[in-house]
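Asks: Provided below for reference: sequence and predicted model.
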Protein chains: 2
Amino acid sequence: MLTILAGAASTRVAAERGRVVNSPRPRVEDTRLSINTATLGNPPLNASLDAIAAAGARNVGLWRETYNGMTAGEAARAVAAHGLHVSSLCRCVLSPDTQSMKDAWRAVDEAHELGAPALIVLAGGLWPNSRDLAGARARMTETLSELAIVAEAAGVRLALEPLHPMFTAGRSVVNTLGQALDVVEPFPPERAGVVLDTFNVWWDPELADQIRRAGRSSRIAALQVADWSRHHEHGPFLTRALPGDGIIELRSILAAVENAGYRGPIEIEIFNDQLWQQPPRQIARTAMHSLAATLH
Amino acid sequence: MLTILAGAASTRVAAERGRVVNSPRPRVEDTRLSINTATLGNPPLNASLDAIAAAGARNVGLWRETYNGMTAGEAARAVAAHGLHVSSLCRCVLSPDTQSMKDAWRAVDEAHELGAPALIVLAGGLWPNSRDLAGARARMTETLSELAIVAEAAGVRLALEPLHPMFTAGRSVVNTLGQALDVVEPFPPERAGVVLDTFNVWWDPELADQIRRAGRSSRIAALQVADWSRHHEHGPFLTRALPGDGIIELRSILAAVENAGYRGPIEIEIFNDQLWQQPPRQIARTAMHSLAATLH
């Protein structure tokens, strides 16, 4: 199955290569590639790190649930023992209730311990039983201000992630790159940036302009890559495909991000329940292959 | 089942009423309400019209498939015989292949015969086996220019509909109200406007600004109402809920449209396979009830 997936990806990448011959081509060192643990289905930390290191990646996008039962310091030592660096820590949610805020503060501490260059921050959706979208957006901004104080003290960079508009109600009231840039504008760039995830933003008619804007203001804190399956076969939350298996012009978007001055890690983050049925090492190999094929 | 749905809608509307007491309230004559035949699952024309007239609506949003096997003139006479007016004709797609263009021209003729104040136009998605989103957007604009010439000759107003960004790949490369307004800008307002469908645009952080812009330039050609189910239980294409059963602040959006100067028909258009299991007359009654409860 994975051989087929990888084969299909290569064929399409080759076809694409012929077509966009005049486009700027990103030149990316392999040392920048990263695999997000969600791509593997978030197995426990050591299984995740083993698979990612074995695939030849130098960086890991780490979900906090992978090190459940360990301290962040222990997790940091495990990452280092595998010769890896953390490219981003996933994640906390800007919900103003006490429990969520405490969890977000813990996430900031963990990002510090792990040396993560970005802590992924989700805006959260509407409140339960509420339709007040404007209110949820205003409160989210206030909550971010409070978290930025904690992040300042810890020297951690927050990375606000706009999610695709199909997630507005349940997961994130921040839904475009432009909106995310508006939200982080009051903070210094080294304290609050944005995550650009191709799956979430590819459709946006303002994408090219907003990537340039993000570059000018040094706001791109993390870059995540996933393709969009034309068929939506997994429903709205699991329609992510391996790079090359979907319909996003990934190469153009990645070139635009590179042209905007971003030189940080490039993470592959796929949520795909078919992929998750494979062993972690096999998924990591396939992921690394498809990401590299898209970039080179 | 429908009694429960309608009851839940009324309760939520009452709760909402208390909360937005200072907001402008749309004052809408019942004569403006319309039921789109898709809400009934598009039964054949006479069954659709019977149900819609029996529910007390004065207008019908008509899908072309309902009058399959009849001429548009015959359909127009059936609409008139039921004491109804066409609020919009659904629809044609801006695909530059010959077959789609011929179909779009036929749709323009039919809109003329039916006296439809707006012919709903979809941009279409990516081409088969293509990832060229920018190219698809450029070609769509060219195709619209050609169709506008035909529409001019027929005295028909085209109404470009931005679809939710989850439909970019397969159905429409026009995905925000702002983008749709940009696309129709070169044409006279009486020749090309936009459709505002609450389900497609509710999430947009620029919505209020773009509604004002649409009002200033007299571009709102049609208004469709559907709610967004928090649970996405029907998958991406069937998550529409009856007004009041979802999480969209419909009253605020409708007030904004009213304040922008729109005085045309207000259509309820729901795609919901649970609803479609009911008889058309029952669906039409429920739809009319929930639309009126949202507006008054």
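Replies: Perfect, thanks for sending it.
Asks: When you work out contacts or count neighbours from here on, use the C-alpha atoms and nothing else.
Replies: OK.
Asks: remind me which residues of the stretch 151-296 of chain A are low pLDDT?
Replies: Within the stretch 151-296 of chain A, the ranges that satisfy pLDDT under 70 run A:232-238.
Asks: interface residues of chain A facing chain B?
Replies: Within chain A, the residues that sit near chain B (CA under 8 Å from any CA of the partner chain) are A:130-133, A:164-166, A:168-170, A:173, A:175, A:179, A:203-205, A:230, A:235-236, A:247-249.
Asks: how far out from the middle of the chain is stretch A:101-119?
Replies: Here stretch A:101-119 is found 16 Å from its chain centre; the criterion is CA atoms, centre = their mean, to the nearest Å.
Asks: How about residues contacting that stretch?
Replies: For stretch A:101-119, contacts defined as CA atoms under 8 Å, 6 or more residues apart in numbering or on different chains pick out A:72-73, A:75-76, A:85-95, A:147, A:150-151, A:154-159, A:221-222.
Asks: Inside strands: which ones of those residues?
Replies: Per DSSP state E, strands hold the following members of the contacts of stretch A:101-119: A:85-93, A:158-159, A:221-222.
Asks: Let me see the ranges of the helices in the stretch 151-296 of chain A.
Replies: Ranges of helices in the stretch 151-296 of chain A, per DSSP state H, counting those that start in this stretch, are A:177-184, A:198-201, A:207-216, A:250-259, A:280-295.
Asks: Let me know which of these is tucked in deepest.
Replies: Mean neighbours per residue, mean count of other CA atoms under 10 Å in any protein chain shown, is largest over those for helix A:198-201, with a mean of 23.
Asks: What is the neighbour count of the residue of the stretch 1-150 of chain A found nearest chain B?
Replies: Using CA to the nearest CA, the closest approach of the stretch 1-150 of chain A to chain B is made by residue A:131 at 4.9 Å. The number of residues packed near residue A:131 is 17, by other CA atoms under 10 Å in any protein chain shown.
Asks: do the same with residue A:70
Replies: Using other CA under 10 Å, residue A:70 has 12 other residues around it.
Asks: Residue A:123 too?
Replies: 27.
Asks: Enumerate every residue touching it.
Replies: By CA under 8 Å, 6+ apart, the contact set of residue A:123 is A:93, A:94, A:95, A:140, A:160, A:161, A:162, A:171, A:172, A:173, A:174.
Asks: out of those, what pair is the most spread apart?
Replies: Based on CA to CA, the longest span within those runs between A:95 and A:162 and measures 15.2 Å.
Asks: between the two, who's got more neighbours?
Replies: residue A:162 (27 against 22).
Asks: OK, contacts around the more buried one?
Replies: Contact partners of residue A:162, counting by CA under 8 Å, 6+ apart, are A:122-123, A:172, A:174-177, A:179-180, A:194-196, A:200-201.
Asks: Name the nearest of these relative to residue B:57.
Replies: Residue B:57 has its nearest neighbour among the contacts of residue A:162 in residue A:175, at 36.2 Å by CA to CA.
Asks: What distance do you get for that closest one to residue B:242?
Replies: Computed as CA to CA, to the nearest Å, the residue A:175 to residue B:242 distance reads 24 Å.
Asks: Show me which of those two is the more surrounded one.
Replies: Between residue A:175 and residue B:242, counting by other CA under 10 Å, residue B:242 is the more crowded of the two (27 against 24).
Asks: For residue A:32, the count of nearby residues, please.
Replies: Counted by other CA under 10 Å, the residues lying close to residue A:32 total 15.
Asks: what's the neighbour count on the nearest residue to it once chain neighbours are set aside?
Replies: Leaving aside its sequence neighbours, residue A:32 sits nearest to residue A:265 (CA to CA, 6 or more residues apart in numbering or on different chains; 4.5 Å). Applying other CA under 10 Å, we find 27 other residues in the vicinity of residue A:265.
Asks: check contacts around residue A:265.
Replies: Applying CA under 8 Å, 6+ apart, we find residue A:265 in contact with A:32, A:33, A:34, A:59, A:87, A:222, A:223.
Asks: what is the second one paired to in the beta sheet?
Replies: Beta-bridge partners for residue A:33, by DSSP bridges, are residue A:266.
Asks: That one touches residue A:266, doesn't it?
Replies: Yes - with contact defined as CA atoms under 8 Å, residue A:33 counts as touching residue A:266 (5.0 Å).
Asks: Between these two, tell me which one has more neighbours.
Replies: Comparing residue A:33 with residue A:266 by neighbour count (other CA under 10 Å), the higher total belongs to residue A:266, at 26 against 22.
Asks: Would you agree residue A:193 is in contact with residue A:156?
Replies: No - with contact defined as CA under 8 Å, residue A:193 does not count as touching residue A:156 (10.9 Å).
Asks: So for those two, which sits in the more crowded spot?
Replies: Ranked by neighbour count (other CA under 10 Å), residue A:193 and residue A:156 place residue A:193 first, with 30 against 25.
Asks: If anything else comes up later, I'll come back, but that's it for now.
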